[in-house]
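Student: got a sequence here, can you model it:
(one chain, ligands or ions: 1)
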Amino acid sequence: MKKKFVFATNNPHKLEEVKAILAGKAEIVSLKDIGCYEELPETADTLEGNALMKARFVNRHYQVDCFADDTGLEVEALGGAPGVHSARYADEEGHDAEANIRKLLRELAGKDNRKARFRTVFALILNGKEHLFEGSVAGEILTTRRGTAGFGYDSVFLPKGYTQTFAEMGENLKNQISHRAIAVNKLCHLLQSI
Ligand code: IMP
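Tutor: Predicted coordinates for the structure are as follows:
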């Protein structure tokens, strides 16, 4: 029988991506499915800390096997920013993806080095034991948005070795090569080994 996990995220895009990546391998249940409508705590200053904080919250309050992720866009010329602050990068201008992208393009204006990477950390709590998995994908930040699929910073992120942004390639290819796919596949290996 397939193992069942709660994916502790309030982001419907992430939920769909992870369900697609794990299709046939594990059954994924959402926070709504277990009646959790709360804002999850994520006040740590690292991706690892935030992923663990979210997973521990759901595990302790709902007594379920679960995993959570935290993701950051790390831009070389900005010293790794926005990093763990990626979701609230442009908070003073608006808490949404468009405002975040606007600020990112402004900060990078005139800079030749546009190298960046997405890094994600998944924290899994299974039978009371904690496991961490990391995935990252290198690429560059374009000067303008391209594509309409995906979410967040997808339309300005061109993964290395590809000619389409995450937002142009669509979910099938993104789910094979993304930071999230890499981390979730590692998680899958653990599941298969137990
Ligand atoms: P969090 O992990 O939900 O805190 O995400 C941090 C920020 O990165 C948010 O602004 C997300 O929209 C963005 N983000 C997370 N994953 C992705 C992705 O796969 N593509 C583009 N943006 C992402």
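Student: please make it C-alpha for all contacts and neighbour counts, starting now.
Tutor: Noted.
Student: and residue 105, how close does it get to the ligand?
Tutor: Separation of residue 105 from the ligand (CA to the nearest ligand atom, to the nearest Å): 14 Å.
Student: from here on, call the first residue 57.
Tutor: From this message on, residue numbering opens at 57, which makes the last subject residue 161.
Student: where does the chain have low pLDDT?
Tutor: Low-confidence segments of the chain (pLDDT under 70): 57.
Student: the residue of the chain positioned farthest from its centre: what secondary structure?
Tutor: The centre of the chain is farthest from one residue, residue 166, which by CA atoms, centre = their mean lies 28.0 Å away. Secondary structure, DSSP: H, G, I helix; E, B strand; the rest coil: residue 166 is coil.
Student: residues in contact with residue 171?
Tutor: Residues in contact with residue 171 (CA atoms under 8 Å, 6 or more residues apart in numbering) are 131, 132, 133, 194, 195, 196, 197.
Student: please redo it, this time with the cut-off set to 10 Å
Tutor: For residue 171, the residues meeting the contact criterion (CA atoms under 10 Å, 6 or more residues apart in numbering) are 130-134, 194-198, 213-216.
Student: give the closest residue to the residue positioned nearest the centre of the chain in space, chain neighbours not counted.
Tutor: When CA atoms, centre = their mean is applied to the chain, the residue found nearest the centroid is residue 127 (4.1 Å). Leaving out its chain neighbours, the residue that sits closest to residue 127 by CA to CA, 6 or more residues apart in numbering is residue 176, at 4.2 Å.
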